[in-house]
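Chemist: have a look; sequence and predicted model below, questions after that.
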Amino acid sequence: MNLRRSLSTALFMFLFAVVALCSQPVFAQSSGTVTQSDKQEDETNLDTQLYLLVATNQEVADTKLPAAIESVVKQLRPSLPFKNYRLAATLINRVKNNGRLNLKWIGGPLGVSTEPAVNPSFNEFRVNGIKLITDAAGQSVVRMEGFTFGARIPIQTSAVASTSATMPIFNYESTGLNTDISMREGEPVVVGTLHVGPSGDAIILVMSAKRSKQ
């Protein structure tokens, strides 16, 4: 009886050792596959497009908009019924997946003015984290954490008369927004609107992002 029990125990230990040895290569292979997948994901780049639109009731010289955002503006018009929409700036950048983005630039006035465009605006666009994920429906989604846009915009506050002409006086006012957003890959979305100036013009931020082809 003891001999039979001993043989059964030895056989069990032998089978357990065989199973353990066979499972080790499979586990190592699975771990290697995950590591390689993570490495490939880390090398993914995203092309981002930020469109700055100005909505106004004044007349503008050029109202042509990029085809990529025409559908977005069409949806905006019922809720923001301005007479005209114009493109103030387009910012195209490439950023690594799980990376960040920070831009500062000097541009023309973000608004419509009858005065010559001699007073620039000082702008900043920043995203603390950009990540490409897959949602519950299996669709690719770009998540942007710490999306920040800020601008210092010249606003005419008064004017001074001189011997030759009346000179306008401008003060710089700050405006901006900070939020976290998610968007479907390749589909432009409205991030927010900012009203600027006594004329009631509005800055509209439209954002899109997709995987780089190269």
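Modeler: Looks like it came in fine.

Chemist: how about the strands of the protein, start to end?
Modeler: 45-56, 84-96, 99-107, 121-134, 140-161, 166-184, 189-196, 201-211 (DSSP state E).

Chemist: ok, which of these comes nearest Lys64?
Modeler: Counting by Cβ to Cβ, Lys64 lies closest to strand 84-96 out of the strands of the chain; the figure is 7.7 Å. Backbone N, C-alpha and C define where each C-beta goes, glycine included.

Chemist: elements contacting the closest one?
Modeler: Under the contact criterion of 3 or more Cβ pairs under 8 Å, 6 or more residues apart in numbering; DSSP states H and E, strand 84-96 touches strand 45-56, strand 99-107, strand 121-134.

Chemist: low pLDDT regions in this structure?
Modeler: 1-42, 111-118, 197-198 (pLDDT under 70).

Chemist: please parse it into its domains.
Modeler: 1-43, 47-211 (automatic domain parsing).

Chemist: turn these into CSV, including mean neighbour count.
Modeler: Below are the domains of the chain laid out as CSV (neighbours: other Cβ atoms under 10 Å):
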stretch, mean neighbour count
domain 1-43, 9
domain 47-211, 15
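
Chemist: list the residues that contact the closest residue to Val206 other than its chain neighbours.
Modeler: Closest residue in space to Val206, ignoring its immediate chain neighbours: Tyr51 at 4.2 Å, by Cβ to Cβ, 6 or more residues apart in numbering. Each residue near Tyr51 by Cβ atoms under 8 Å, 6 or more residues apart in numbering is listed here: Pro66, Ile69, Leu87, Ala89, Thr90, Leu91, Pro188, Leu205, Val206, Met207.

Chemist: same question for Pro109.
Modeler: Ala117, Asn119, Pro120, Ser121, Ile153, Pro154.
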